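**Student:** generate a structure from the sequence data that follows.
(chains A, B and C)
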Amino acid sequence: MSGPELARRVPTVPDHVDLDELEAEQRELARKVRIEDDLDDPETVAGFDVGYQGPRGFGALVVARLDDGTILETLETVTEVPMPYIPGLLAFRELPVLRELWPETTEDPDVLIVDGGGLIHPRRLGSASHAGVELDVPAIGVTKNLLLGEVHGSLADQGDVAEIVDDGERLGYAYRSCTRPNAKHPVYVSPGHRITAETSLEIVRGLCSGRSKLPDPVQAAHRAAARLKRYHDQVDR
DNA sequence: GCGACAG
DNA sequence: ATCTTGTCGC
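**Tutor:** Numbers count the residues shown, from 1 in each chain, chains lettered A, B, ... in the order given. Got it, this is the predicted structure:
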């Protein structure tokens, strides 16, 4: 056999999965992305997030009103995840869960916010863009960490905004959303599809109550997914 | 060749 | 993301 096992950086992927094909698919879908406002007086927003445990994904979609934040609908599902996490290919791990939930909503959300990037992506097709194109809905990407790009500007105070630039392109904004003074890291916002970076920031800004770094609907989805997972922890034994 | 690397 | 006790703070 071989010598000491080296830590595996590249997770094992199913035999039928071809990483080059997935990247090619992203390049193709990226051509369909439209970074321009195509929302008419948006009234409702959907926040999406997934929690993981082994081969299963616990997803939640929370639909809320944009004006006062009232939650209109919370949908949950448990699904087998087909892919390990690979930087740049998050959508192939996350979107199967969203595909289960999206058809179930009765609110027909005007905009979708995904816990993942939009333009901030090596091929300019983060999971938010991928979802937006596939579901044909205005979509915004929000993350707690940066996949790529540089923050241009200061984020000294809460409310501060700085541009995210990569390869000379402005891909989105870093926004210090949390009102807690010890909130060190900002939230990274980038347009996914059928929306601009400015409008994305404006919408996210209006959804940040200040108690959480993430916009409320996404945070609510995060909590719902976590609860669902805990529930399965107890029952599945 | 060596690191970095959304969730 | 997840593995994990206590702990600081509103």
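**Student:** contact residues of chain A facing DNA strand B?
**Tutor:** Residues of chain A lying close to DNA strand B (C-beta under 7 Å from any atom of the strand) are A:9, A:49-50, A:52, A:84-85, A:87-91, A:94, A:115-117, A:120-121, A:126-128, A:141, A:143-148. Every C-beta, even on glycine, is put in place using the N, C-alpha and C of the backbone.
**Student:** weed out the non-buried ones from those.
**Tutor:** Neighbour-count burial (16 or more other C-beta atoms under 10 Å) is assigned, among the residues of chain A next to DNA strand B, to A:49-50, A:52, A:84, A:88-91, A:94, A:115-117, A:120-121, A:126-128, A:141, A:143, A:146-147.
**Student:** out of the residues of chain A next to DNA strand B, list just those in strands.
**Tutor:** Using DSSP state E, A:49, A:50, A:52, A:115, A:141, A:143 are the members of these that sit in strands.
**Student:** widest-spaced pair of these?
**Tutor:** A:52 and A:141 (18.9 Å; C-beta to C-beta).
**Student:** return the residues in contact with the residue of chain A found nearest DNA strand C.
**Tutor:** With C-beta to the nearest atom of the strand, the shortest gap between chain A and DNA strand C falls at residue A:51, namely 3.4 Å. Applying C-beta atoms under 8 Å, 6 or more residues apart in numbering to residue A:51 gives the contacts A:57, A:58, A:59, A:222, A:225, A:226, A:228, A:229.
**Student:** give me phi/psi at residue A:210?
**Tutor:** phi 110, psi -20 (degrees, to the nearest 10).
**Student:** which residues are in contact with the nearest residue to the residue of chain A closest to DNA strand C once chain neighbours are set aside?
**Tutor:** Closest residue to residue A:51 apart from its sequence neighbours, by C-beta to C-beta, 6 or more residues apart in numbering: residue A:225 at 4.1 Å. Neighbour list for residue A:225: A:49, A:50, A:51, A:58, A:59, A:60, A:76 [criterion: C-beta under 8 Å, 6+ apart].
**Student:** 6 Å instead?
**Tutor:** For residue A:225, the contact set (C-beta atoms under 6 Å, 6 or more residues apart in numbering) comprises A:49, A:50, A:51, A:58, A:59, A:60.
**Student:** among these, which two are most distant?
**Tutor:** Top of the distance list for the contacts of residue A:225 (C-beta to C-beta): A:49 and A:58, 9.4 Å.
**Student:** any idea how far residue A:34 lies from DNA strand B?
**Tutor:** 18 Å (C-beta to the nearest atom of the strand, to the nearest Å).
**Student:** that residue should be in a helix, yeah?
**Tutor:** No: applying DSSP: H, G, I helix; E, B strand; the rest coil, one finds residue A:34 to be coil, outside a helix.
**Student:** is it true that it touches residue A:196?
**Tutor:** No: look at residue A:34 against residue A:196 with C-beta atoms under 6 Å: they stay out of range, at 9.9 Å.
**Student:** please, where are all the strands along chain A?
**Tutor:** Going by DSSP E, chain A shows strands at A:44-53, A:56-65, A:71-80, A:111-115, A:139-143, A:150-152, A:161-166, A:169-175, A:187-193.
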